[in-house]
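**Q** Requesting a structural model of the entry that follows:
(chains A, B, C and D)
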Number of protein chains: 2
Amino acid sequence: MTGSSISQVADELDISTRTIRFYEEKGLIQPRRTTGNQRVYTPRNKARLKLIIRGKRFGFSLDEIAEMIGMADADPNELEQIEKSLRYGDAKLKEIRERKKELTLLEQDILAVRDKLIKRKMELETMGTSTTKGENE
Amino acid sequence: MTGSSISQVADELDISTRTIRFYEEKGLIQPRRTTGNQRVYTPRNKARLKLIIRGKRFGFSLDEIAEMIGMADADPNELEQIEKSLRYGDAKLKEIRERKKELTLLEQDILAVRDKLIKRKMELETMGTSTTKGENE
DNA sequence: GCAAAACTTGACGTTTACGTAAACTGTAAA
DNA sequence: TTTACAGTTTACGTAAACGTCAAGTTTTGC
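**A** Okay, the predicted model is just below:
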């Protein structure tokens, strides 16, 4: 129930301790401290870090992620604030769904190239060593 | 059949001309030139740019994208080269599929936050104006 | 209880991905 | 042809996201 140290978390999530501290500087996480002032990470803190990393992998900037998280941390007593957060979250969800579609497009782009390469490979294999330059498109 | 100018492409793809020239500097595109040395972009060039932009949205660095594109440009006459490209492409496909899964996780993270916010909102609404500070979890 | 390992806060350095300005050239319209 | 706009290269500037010391503090293992 003690929680993890910063280097344990760094190992676990495969990021540097500097990165973790940097995210804290930016206000993305607020781990507790020991009496000796060392950072302690709960599972919840780790989940938050995972979310950040995940967001980053999709090209979201830390500022954007901060907003997403700001959403999570919004003072839960201000109705106005909650509604703003909900709107922001919904926009992000829409964006995420669009990216899913684009990811499929990217996948198809690569599959198309792959198909061409495979066809060309088969040609080369059945054709023996004759060096015919196929058309370029 | 003349192709587009750099600013036309910039408008079309919603990026700056600087960005387009920068991608060229990095070797990601090679548009033809007019007799007056101005860049001319074919639909194929544009498709390439779209692929770059798409890749960027998934957190791929320009260097990584350059590698992907290198795959597409591999000399189709060298069997060895083709096989290398295929392996590279397959690796990228695997990566893309992993990202798809993660994207779903990110979506779920945000949905979870959303649910909490909605619950809290309903509490506030039914509860009238009493300012009770709920527990923080 | 003491050295070694891990942690702390600065603070400056580096890379990526462009922005921006300068100084010049090509192109289109009146 | 001149004028104005679009394009070209070169080069310095910058914001984001960390990397990398340095110098001191805390924790841990013997």
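**Q** what's the distance between the lengthiest helix in chain A and the middle of its chain?
**A** The longest helix of chain A (DSSP state H) is helix A:79-126. Taking Cα atoms, centre = their mean, to the nearest Å, one finds the center of helix A:79-126 at 14 Å from the center of the full chain.
**Q** Any part of it near chain B?
**A** Yes - under the criterion of Cβ under 8 Å from any Cβ of the partner chain, chain B is reached by helix A:79-126 at A:79, A:82-83, A:85-86, A:89-90, A:92-93, A:96-97, A:99-100, A:102-107, A:109-111, A:113-114, A:116-118, A:120-121, A:124-125. All C-beta spots, glycine's among them, are computed from the backbone N, C-alpha and C.
**Q** avg pLDDT for that helix?
**A** With pLDDT averaged residue by residue, helix A:79-126 scores 81.
**Q** elements contacting that helix?
**A** helix A:62-73, helix B:43-57, helix B:62-73, helix B:79-126 (3 or more Cβ pairs under 8 Å, 6 or more residues apart in numbering or on different chains; DSSP states H and E).
**Q** Could I have the buried ones of the residues of helix A:79-126 next to chain B as ChimeraX selection syntax?
**A** Buried members of the residues of helix A:79-126 next to chain B, defined by 16 or more other Cβ atoms under 10 Å in any protein chain shown, are picked up in ChimeraX with:
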select /A:82,85,86,89,92,96,99,100,102,103,106,107,109,110,113,114,117,120,121,124
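**Q** How many residues are close by the closest residue to A:V9 other than its chain neighbours?
**A** Leaving aside its chain neighbours, A:V9 sits nearest to A:Y41 (4.9 Å; criterion: Cβ to Cβ, 6 or more residues apart in numbering or on different chains). A:Y41 sits with 22 neighbouring residues when counted by other Cβ atoms under 10 Å in any protein chain shown.
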